[in-house]
Structure formats: C-alpha cells, structure tokens
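Colleague: Give the three-dimensional model of this entry:
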Amino acid sequence: NPSLPLVLDSGCGTGRSTLEIGRRYPDLPVIGIDKSVVRLSRTRAFREQQADLLPPNVKLVRADLIDFWVLASDLVARGRWDVKHHFILYPTPYPKGKRVKQRWHGHPVFPFLLDLEADELTLRSSWETYLFEFAEAYLPVHLCT
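Modeller: Next up is the predicted model:
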C-alpha cells in the first residue's frame, strides 16, 4: 500500500483555517481536527460538510488531538500516511509556568507529534514565549536526524 500524502490542521477551531489550507493544497487531502463540537458545529464549514458542499479535499473531524496524534503516528510508522504539512495555529499557550505540561511541547503526547514526521510544520501563536519553547523542544530532534 502506498502512503497517502496529506495535510493536517490540528486544533482547527471553526474550520476556517482548514478551508484556506484546502484551497492552498487542492491536490492533497486536508484534515482539520478539533475536539470542540460547539466550535465545529456552529460554522458554515461544518454545515457545508454535512451537505457535501465542502471542497472534496477537505474534511473536518471532531477528535481529541492527543488520541488523533497517537493513531496518526501509527499510520505514519506503518507507511499508510505521509504528512506533507502540519499546521498548529494559535494553540492555547497556558502561560503560567506550572502549566507547561499542558502546552504541546511539554505534554506526554509531544513525541507522537514528532513521529508524524511532517515535511513542514507551521506553528503560529500570539505568545512569543510559546514559540521559543516549542522551537527548543522541536528543533534539536530534527537537527540531529
């Protein structure tokens, strides 16, 4: 089985970012993942998905990212998925120092995020400290391989 090249939009919220990413990558499947049924179901994108009106390469999924990344990393390891681009746009930064384990780079799921082996990762945040911390956790792993 050849691997499926795809794009992930983790924590997509309302799905608006997923639609834009889908337009940017029209030849690749784009999966937007968010755990909030409230954010997803109140959006035009979600309603369009229910009516089969979303672009054919875009799919919105309600799932917990922790579980999704664990399962997705297994699909990557077995050669079933090939993550071309992974977007993590404006995650909740949990700025207090005692909550570092709630940030993706401090969470036990972080190795699974790394196992997705995305060709390209885009992380955006309005909190500069979050970006620096993430880079410190992410870059050494990728610079040594």
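Colleague: Next SSE downstream of the least confident helix or strand in the chain by mean pLDDT?
Modeller: Ranking every helix and strand in the chain by mean pLDDT, DSSP states H and E puts helix 44-50 at the bottom, with a mean of 68. Where DSSP states H and E defines the elements, the next helix or strand beyond helix 44-50 is strand 58-62.
Colleague: So what are the sheet partners of that next one and their directions?
Modeller: strand 30-34 (parallel) (DSSP bridges).
Colleague: Can you name every helix or strand that the biggest strand by length in the chain contacts?
Modeller: Ranked by residue count under DSSP state E, the longest strand found in the chain is strand 81-89. Counting contacts by 3 or more CB pairs under 8 Å, 6 or more residues apart in numbering; DSSP states H and E, strand 81-89 is packed against strand 4-10, helix 16-24, helix 65-77, strand 120-124. In this view, the C-beta of every residue, glycine as well, is placed from N, C-alpha and C.
Colleague: at 6 Å what do you get?
Modeller: Other helices and strands packing on strand 81-89, by 3 or more CB pairs under 6 Å, 6 or more residues apart in numbering; DSSP states H and E, are strand 4-10, strand 120-124.
Colleague: quick one: Asp115 from Lys59, how far?
Modeller: Computed as CB to CB, to the nearest Å, the Asp115 to Lys59 distance reads 22 Å.
Colleague: Kindly report the same for Ala137.
Modeller: Ala137 is 29 Å from Lys59, by CB to CB.
Colleague: Kindly report the same for Ile66.
Modeller: For Ile66, the distance to Lys59 - CB to CB - is 19 Å.
Colleague: Show me the contact partners of the lengthiest helix in the chain.
Modeller: Identified as the longest helix of the chain according to DSSP state H is helix 128-143. Here helix 128-143 makes contact (CB atoms under 6 Å, 6 or more residues apart in numbering) with 93, 105, 114, 123, 125.
Colleague: run the last query once more with 7 Å
Modeller: Helix 128-143 has contacts (CB atoms under 7 Å, 6 or more residues apart in numbering) with 93, 103-105, 110, 114, 123, 125.
Colleague: same thing with stretch 52-61?
Modeller: 12, 15, 18-19, 22, 26, 28-33, 40, 45-46, 48-49.
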